[in-house]
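# just need the structure, nothing else, for what follows:
(one chain, ligands or ions: 2)
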Amino acid sequence: MSRPERPRPAPLKGGYDVDDNAIRFSNYFHVLRELVHLTSGWLALVPAFDDKLRLGEHLHDDARAVTKVRRRLYELRHPSDYPGAPGPELSALLERLNAAQSPSQYLDVAYGEAKPALARAMAIHLDALDPVIDEPSLRLLEQVLERQRRHRLELGRDDRCAPIDIGGLEIRLREQRPLAVMAPLAEPARDDFIAVTPDGDPYLSDELYLNGEENHVPLEREEQRHFFHGLMDAELCAAELMARNSHEHPEMPWDFHVDMARQCWDEVRHARVHDVLMATELHCAWGDYAIGFDYFRSIYAYDLLGRLALFNSTSEQRAMWRHSHRRKVLLEQGQPIIATVFDYLLADEVPHVHNGVRWGSHLLGGDEQAYRAKVRDLRQELDRTGKPVAT
Ligand SMILES: [Fe+2]
Ligand SMILES: [Fe+2]
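Residues are numbered from 1 along each chain as shown. Ligands and ions are numbered 1, 2, ... in the order given. Predicted structure coming up:
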């Protein structure tokens with residue numbers, strides 16, 4: 001058989017050597033890790049719902065990017081994925097991120113300096129690397145760069161980044177950079193048109209939140225308006241709690257932060273579903289009723305183990321029954337769209353409950369039985385709707 005004609009490939013260009021390549025990924029690692037850490041800290045304090053929604057999604061994107069960059073570092077520096085510490089120039093940028101005194105200052109630096117600097121360095125990297133010899137870096141960078149550009153479009157800020165290529169900055173291999181933790185949260189921020197009151201919306205009765213025969217499924221339009229408005233706020237509180245869990249515990253394994261980022265995104269997505277449902281099906285809007293932070297505060301007051309036990313392994317675990325019940329009743333009543341909302345809330349609750357078991361057990365040395373015993377103990381402190389009474 002004659003050999004088929006094959007087009008002649010372009011010559012190899014070489015690109016970066018492995019060490020320079022690894023240094024570039026180490027610099028990206030530091031920017032992305034700090035963005036995940038600080039966005040997790042600030043998300044609760046960003047008032048505008050639309051910004052919070054976008055931040056939750058970007059947080060999850062960036063957490064996954066860190067995972068991929070760590071993996072690439074491991075491949076290039078086998079058997080270590082240790083990224084060293086950033087040199088003085090990159091540290092100065094990271095310090096500006098940490099120095100923000102308000103959510104808008106943080107967003108200015110994150111979206112006006114850090115993300116543009118990251119995108120610029122990745123574009124330089126993509127241009128210079130050899131796409132054949134270093135195809136794994138090519139694939140990774142194309143994906144992360146496209147996401148960074150999208151993030152900037154979605155949370156537009158002026159580009160104030162210095163014209164330096166942060167990928168080429170020195171890395172101090174024998175040093176480590178610790179992450180600073182912000183002051184504890186007093187309470188989350190909401191759009192300025194939202195009424196925050198000590199008791200929240202008085203229309204919401206306990207029966208909406210009970211499991212078993214006493215549960216009341218909201219079927220009338222008026223009660224559905226109040227119910228979904230309250231649920232939208234509860235979703236935001238859940239996102240904020242997960243983000244703060246991540247921010248306040250930089251010592252936890254990386255996968256914990258990815259799980260918290262994913263759940264944070266899920267919860268802000270749920271809030272968006274309710275926002276759309278209210279506008280399109282229920283003819284009401286975010287801000288029509290009061291909200292309250294009593295429940296958020298009662299859970300936030302616990303340490304990480306307590307929060308996982310009472311929120312993920314109790315509140316979310318019990319909500320699964322109610323979502324399933326609501327779906328069934330709403331289908332019977334001929335309300336298929338709202339029933340489908342509960343079908344997806346239920347599906348998303350499964351990994352959220354698992355986050356409780358996974359990381360609660362981790363905190364107890366991997367002992368799942370000890371964690372389940374802790375959950376049982378803490379549940380003694382709850383009232384009939386699942387709200388802690390002893391705090
Ligand atoms: Fe949710
Ligand atoms: Fe959830």
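# for the rest of this, base every contact and every neighbour count on C-alpha atoms.
OK.
# which non-adjacent residue is nearest the residue most central in space within the chain?
Taking CA atoms, centre = their mean, the centroid of the chain lies closest to residue 261, which sits 2.7 Å from it. Of all residues not flanking residue 261 in the chain, residue 60 sits nearest, at 4.8 Å (CA to CA, 6 or more residues apart in numbering).
# next one: residue 107
Nearest non-adjacent residue to residue 107 (CA to CA, 6+ apart): residue 157, at 7.8 Å.
# quick one: residues contacting the one you found.
Counting by CA atoms under 8 Å, 6 or more residues apart in numbering, residue 157 touches 107-108, 111-112.
# can you map out the strands along the stretch 51-200 of the chain?
85-86, 171-172 (DSSP state E, counting those that start in this stretch).
# so which of those is nearest residue 299?
strand 85-86 (35.0 Å; CA to CA).
# how far does the closest one sit from its chain's centre?
Computed by CA atoms, centre = their mean, to the nearest Å, the chain-centroid distance of strand 85-86 equals 24 Å.
# returning to what we had before: mind pulling up the pLDDT for the residue nearest to residue 107?
pLDDT, the model's per-residue confidence, is 80 for residue 157.
# what's the answer for residue 209, then?
For residue 209, pLDDT reads 84.
# same check, this time on residue 262
Predicted confidence (pLDDT) for residue 262: 98.
# next: residue 390.
56.
# re earlier: closest one to residue 367 among the strands of the stretch 51-200 of the chain?
So among the strands of the stretch 51-200 of the chain, strand 85-86 is nearest, using CA to CA, at 33.6 Å.
# paired strands for that closest one, with orientation please.
strand 171-172 (antiparallel) (DSSP bridges).
# for the closest residue in space to residue 188 that isn't next to it in sequence, give me its contacts.
Nearest residue to residue 188, sequence neighbours excluded (CA to CA, 6+ apart): residue 44, at 4.9 Å. Contacts for residue 44 (CA under 8 Å, 6+ apart) come out as 52, 187-189, 240, 243-244.
# swap the cut-off to 10 Å and go again
52, 103, 185, 187-190, 236-237, 239-244 (CA atoms under 10 Å, 6 or more residues apart in numbering).
# hang on, the earlier thing: if I look at the residue nearest to residue 107, how far off is residue 92?
20 Å (CA to CA, to the nearest Å).
# likewise for residue 209?
49 Å.
# go on, residue 339?
As judged by CA to CA, residue 339 and residue 92 stand 51 Å apart.
# ok, now residue 334?
59 Å.
# ok, residue 209 and residue 92, which is more surrounded?
residue 209 (19 against 12; other CA atoms under 10 Å).
# now that one: closest residue in space that isn't a chain neighbour?
residue 385 (5.8 Å).
# can you give me phi and psi for that neighbour?
Main-chain dihedrals, residue 385, degrees, to the nearest 10: phi -100, psi 0.
# that one: what's it in contact with?
Counting by CA under 10 Å, 6+ apart, residue 385 has contacts 205-211, 315, 318.
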